[in-house]
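# how would this look folded up:
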Amino acid sequence: MPLQTSVAQMSASMREMRSSMEENEQLKVLMAGFRGSNLDESDFASDDVRMRLVTDLQDSGLTEALPLSYDPDAINRYWDTRPTAVITRITQLMLIAGTFISGLVSDVIAGKLKDHEVKRAIELRNIVTSLGPAYIKLGQALSIRPDLLSPAAMNELQKLCDKVPSFDSAVAMQVINDELGAPWYEIYADLTPEPIAAASLGQVYRGRLKTGEEVAVKVQRPGVLETVTVDLYIIRKIGHFLRQFPQVTTDVVALLDEWAARFFDELDYVKEGQNAEIFAAQMAADLPQVVVPRTYSELTSKRVLTVTWLDGEKLSQSKADNVGDLVNIGVICYLKQLLDTGFFHADPHPGNLIRTPDGRLAILDFGLMTQVDDEIKFGMIEAISHLIHRDYEAIVQDFVTLQFIPPGTDLQPILPVLAKVFDQALEGGGAKNINFQELAADLAQITFDYPFRIPPYFALIIRAIGVLEGIALVGDPEFALVDEAYPYIAKRLLTDKSPRLQAALRYTVYGKQGIFDADRLIDLLNAFESFTVAAQSSRGDMDQQQAAASSNGNGSSGLFGNPQLIPQLPLLLPPLLLAPGAAFGDGAVAATGGPAIGLFGLPANRFDLRQQSTLDSQGRLREALRFIFSPEGSFFRSFIMDEVVKSIDALSREQLVVVVQRLGLERVRLPVLLPGAKQAFVPLSPQLSDEDRQVVDNVVKIVNFLTKGSMNGSRPDPALVWELLPVLPTVAQEVLPQVTTQLISRISARAVRELYA
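Predicted coordinates for the structure are as follows:
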């Protein structure tokens with residue numbers, strides 16, 4: 001049987017590997033960079049920071065306007081007619097960067113580039129800060145690209161301060177006037193006289209609307225668009241020049257255009273507000289506890305953004321008890337963006353993750369978003385399934401799907417190194433079993449021989465997850481991302497109706513050999529249970545608010561129409577299900593007044609099953625069993641149908657063997673009266689195959705898992721029946737015809753094989 005890895009083994013191996021990697025200084029620096037440990041989270045720049053912007057444009061007699069969305073041709077036309085401004089900017093850049101460039105050339109000539117790496121990285125960070133928004137943002141984007149920069153350079157660029165001195169508030173108030181069409185005091189009841197934070201693109205004021213709501217008002221810095229576009233104009237010219245040299249393998253122009261298109265979106269505050277609204281709507285169904293500031297679209301323009309003011313503290317600085325739960329919510333939130341909605345928050349850093357006073361997670365700053373297409377979303381989940389089964393041939397192909405390797409590349413030479421790395425990591429002992437020096441040499445040779453690259457979307461993902469991991473490790477050194485990520489992946493596999501994910505579910509449970517693995521299925525269901533718990537954590541005051549709304553008559557009447565009838569249901573149950581003195585969940589009729597509880601212990605409107613039910617299972621019923629019988633579990637029931645039929649068949653045959661043995665009829669043979677049969681007699685006691693025995697073992701494992709040990713002999717605990725009663729008729733109506741048809745077909749096919757083969 002091929003090697004496989006359980007999620008628990010993978011989690012333990014990842015923890016060991018992380019610990020061992022951090023013993024290597026360069027890897028430790030790299031990991032700290034991904035976690036955002038070096039980011040400057042201050043609200044303002046230090047006193048010595050200065051930023052040079054383009055202000056003198058010589059626009060007299062010129063009619064060309066700068067584009068408001070990224071258009072390289074329009075930018076070229078604009079700056080081609082303003083040579084004086086371009087020359088002025090180039091002079092600024094040369095004066096600021098001249099010393100750095102000469103020092104770098106000197107290091108290359110002297111062969112001391114490696115020795116002076118940290119020194120040059122510090123100089124570069126200081127230069128980039130003074131050059132303005134385009135260079136600051138570009139530097140931050142490069143700081144999470146280990147394929148382009150060394151760990152030392154990444155470490156320094158991660159310290160890039162996006163905070164710069166604020167500009168004159170009188171100028172900011174004039175921007176508001178120009179953008180919103182009225183003086184600020186006619187729009188807002190109050191604004192702070194000075195900004196509460198300033199960054200390279202704009203600065204933020206705290207205010208209050210005439211209607212009383214507190215708001216945050218972001219105002220864009222004058223000259224930003226001009227400075228950004230002239231810098232892009234210059235860098236693109238340099239990029240086109242570098243295309244003449246075959247030694248330069250990186251397409252600077254393509255890389256710049258890809259980044260600049262997203263950066264231009266960040267300059268449009270209307271789009272930022274729309275992004276926030278889209279993001280909030282996408283999170284509302286599964287993660288309503290994630291807080292996103294509301295955008296006041298009527299008070300928002302290209303250069304002014306008005307959103308709800310949120311009180312709170314940075315998650316990275318919080319000492320609250322539920323920080324770990326909030327990190328879990330954050331992991332689910334980012335996985336939902338990555339694997340479900342495809343609308344990804346592309347500016348993840350600790351300053352954008354806030355803990356609200358009531359203990360919920362708030363996410364800020366939606367200027368920089370990126371789209372993840374279905375090919376990447378599905379490819380990620382497929383890759384995880386392949387990794388669990390150690391299907392390295394499929395994993396190498398996943399590298400192509402996920403854009404690490406161009407299509408058409410010969411993948412065979414990569415397989416041995418890949419198998420070596422993963423086998424060593426997943427065998428136990430983690431990174432202690434890996435010779436990093438040898439591994440680094442192997443990987444370096446492969447990246448030299450083959451066109452490996454880190455896709456831009458993947459660098460953002462690593463950064464987002466790394467930031468969350470960094471926050472979690474402060475409070476929990478044993479935190480493992482696999483433990484938090486796999487539950488969401490299990491949820492997608494078990495509930496998503498897309499053909500590719502249904503195929504991925506089948507592969508996860510059956511593997512490449514097509515053999516049903518009960519342990520793998522239990523792994524998935526167990527992870528799904530973890531997801532349902534984590535997804536309902538850190539809800540703050542939401543439950544109290546829902547309870548208040550319910551007590552005001554806004555609750556649903558539920559499946560039975562009148563919730564008052566529910567306590568009477570035990571009277572309707574068949575007496576044979578009730579043991580003498582049996583109680584349903586030890587007093588299962590809970591006091592009313594709390595929020596309506598649904599099938600998963602979630603709000604009642606989630607699955608529309610037991611709305612307004614006041615029953616309490618007291619932990620009797622596993623979330624996985626509830627899921628299987630819920631409407632959301634319909635695909636899973638269909639998926640598992642073959643195994644259900646096999647189980648019924650095997651169990652009935654096993655019981656028949658037992659009955660025959662007890663009656664002493666093992667030697668009895670029955671005559672076959674069918675024409676053409678190759679056997680005249682068949683034994684009364686059926687022959688159990690190895691497959692039958694394996695099926696029975698699987699049934700025992702799964703039933704024990706689902707019932708949590710609550711089966712009483714051959715009779716189910718009444719509490720289980722009580723919990724499932726509302727849905728049993730519907731599920732039975734759906735399942736029984738399929739089971740009956742498939743079971744008859746299976747028995748008939750076996751009879752034909754045995755009698756005529």
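
# where does the stretch 551-700 of the chain have low pLDDT?
For the stretch 551-700 of the chain, the stretches with pLDDT under 70 are 551-621.

# those helices in it, which residues are they?
Ranges of helices within the stretch 551-700 of the chain are 623-628, 634-639, 641-662, 690-707, based on DSSP state H, counting those that start in this stretch.

# Same check on the stretch 401-550 of the chain?
Defined through DSSP H, counting those that start in this stretch, the helices belonging to the stretch 401-550 of the chain, from first to last, are 414-426, 436-449, 456-475, 481-495, 499-510, 518-534, 542-549.

# Between those helices, which one is closest to Ile332.
Across the helices of the stretch 401-550 of the chain, the minimum distance to Ile332, taken as CB to CB, is reached by helix 481-495, at 5.2 Å. Placement of C-beta: from N, CA and C, glycine included.

# Let's test this: mean pLDDT of the closest one, rounded?
Average pLDDT, helix 481-495: 85.

# Stretch 127-142 now?
In this model, stretch 127-142 has an average pLDDT of 76.

# same deal with stretch 305-320?
Here the mean pLDDT over stretch 305-320 is 91, rounded to a whole number.

# Arg360 is nearest to which of the helices of the stretch 551-700 of the chain?
Taking CB to CB, helix 623-628 is the member of the helices of the stretch 551-700 of the chain nearest to Arg360, at 22.5 Å.

# ok, back up a step: just the helices of the stretch 551-700 of the chain: most buried one?
For the helices of the stretch 551-700 of the chain, the stretch with the most neighbours on average is helix 623-628, a mean of 22; neighbours defined as mean count of other CB atoms under 10 Å.

# just checking, what packs against that helix?
Contacts of helix 623-628 with other secondary structure elements, assessed using 3 or more CB pairs under 8 Å, 6 or more residues apart in numbering; DSSP states H and E, are made with helix 518-534, helix 634-639, helix 690-707, helix 718-724.

# Could you rerun that using 6 Å?
With contacts defined as 3 or more CB pairs under 6 Å, 6 or more residues apart in numbering; DSSP states H and E, helix 623-628 has these neighbours: helix 518-534.

# thinking again about what came up before, of all the helices of the stretch 551-700 of the chain, which one comes closest to Gln274?
Each of the helices of the stretch 551-700 of the chain has some distance to Gln274 by CB to CB; the shortest is helix 634-639, at 33.3 Å.

# can you give me the end-to-end distance of stretch 110-122?
From the first residue to the last, stretch 110-122 extends over 20 Å; the measure is CA to CA, to the nearest Å.

# now the helices of the stretch 551-700 of the chain in TSV, with distance to Ala490?
As requested, the helices of the stretch 551-700 of the chain are exported to TSV (distance: least, CB to CB, whole Å):
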stretch	distance to Ala490
helix 623-628	10
helix 634-639	11
helix 641-662	18
helix 690-707	14
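
# Which one of those helices lies nearest to Leu209?
Proximity to Leu209, assessed across the helices of the stretch 551-700 of the chain by CB to CB, is greatest for helix 623-628 (43.2 Å).

# Distance from the closest one to the middle of the chain?
Per CA atoms, centre = their mean, to the nearest Å, the displacement of helix 623-628 from the mean C-alpha position of its chain is 23 Å.

# got it, and stretch 259-273?
In terms of CA atoms, centre = their mean, the centre of stretch 259-273 is set 23 Å apart from its chain centre.

# in that stretch, what's buried?
Residues of stretch 259-273 classed as buried under the neighbour-count rule (16 or more other CB atoms under 10 Å) are 259-260, 262-273.

# which one of those residues sits closest to Pro350?
Distance ranking of the buried residues of stretch 259-273 against Pro350, using CB to CB, places Glu266 first at 18.7 Å.

# Just to check, that closest one is in contact with Phe366?
No. Using CB atoms under 6 Å, Glu266 is not in contact with Phe366; the gap is 9.4 Å.

# Check this protein and tell me which residue is nearest its centre.
The residue at the geometric middle of the chain, judged as the C-alpha nearest the mean C-alpha position with CA atoms, centre = their mean, is Leu335 (0.9 Å).

# Just the C-alphas of the helix or strand where that one lies, formatted as PDB.
When secondary structure is defined by DSSP states H and E, Leu335 falls within helix 323-336. As requested, the backbone C-alpha atoms of helix 323-336 are provided in PDB (Å, rounded to 0.1, in the frame of the first residue of the first chain):
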ATOM      1  CA  VAL A 323      -6.300  36.200  20.600                       C
ATOM      2  CA  GLY A 324      -5.800  32.600  19.600                       C
ATOM      3  CA  ASP A 325      -9.500  32.200  18.600                       C
ATOM      4  CA  LEU A 326      -9.200  35.400  16.600                       C
ATOM      5  CA  VAL A 327      -6.200  34.100  14.800                       C
ATOM      6  CA  ASN A 328      -8.200  31.000  13.900                       C
ATOM      7  CA  ILE A 329     -11.000  33.200  12.600                       C
ATOM      8  CA  GLY A 330      -8.400  35.100  10.600                       C
ATOM      9  CA  VAL A 331      -7.000  31.900   9.100                       C
ATOM     10  CA  ILE A 332     -10.500  30.800   8.100                       C
ATOM     11  CA  CYS A 333     -11.200  34.300   6.700                       C
ATOM     12  CA  TYR A 334      -8.100  34.300   4.500                       C
ATOM     13  CA  LEU A 335      -8.700  30.700   3.400                       C
ATOM     14  CA  LYS A 336     -12.200  31.600   2.400                       C
END
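
# Partner strands of the helix or strand following it, with direction?
Going down the chain from helix 323-336, the next helix or strand is strand 343-345, by DSSP H and E. Strands adjacent to strand 343-345 in the sheet, as given by DSSP bridges, are strand 369-371 (antiparallel).

# what sits against Pro357?
By CB atoms under 6 Å, 6 or more residues apart in numbering, Pro357 lies in contact with Asp311.

# Swap in 10 Å and give it another go.
When the contact criterion is CB atoms under 10 Å, 6 or more residues apart in numbering, the partners of Pro357 are Leu310, Asp311, Gly312, Glu313, Ala320, Gly540, Asp541.
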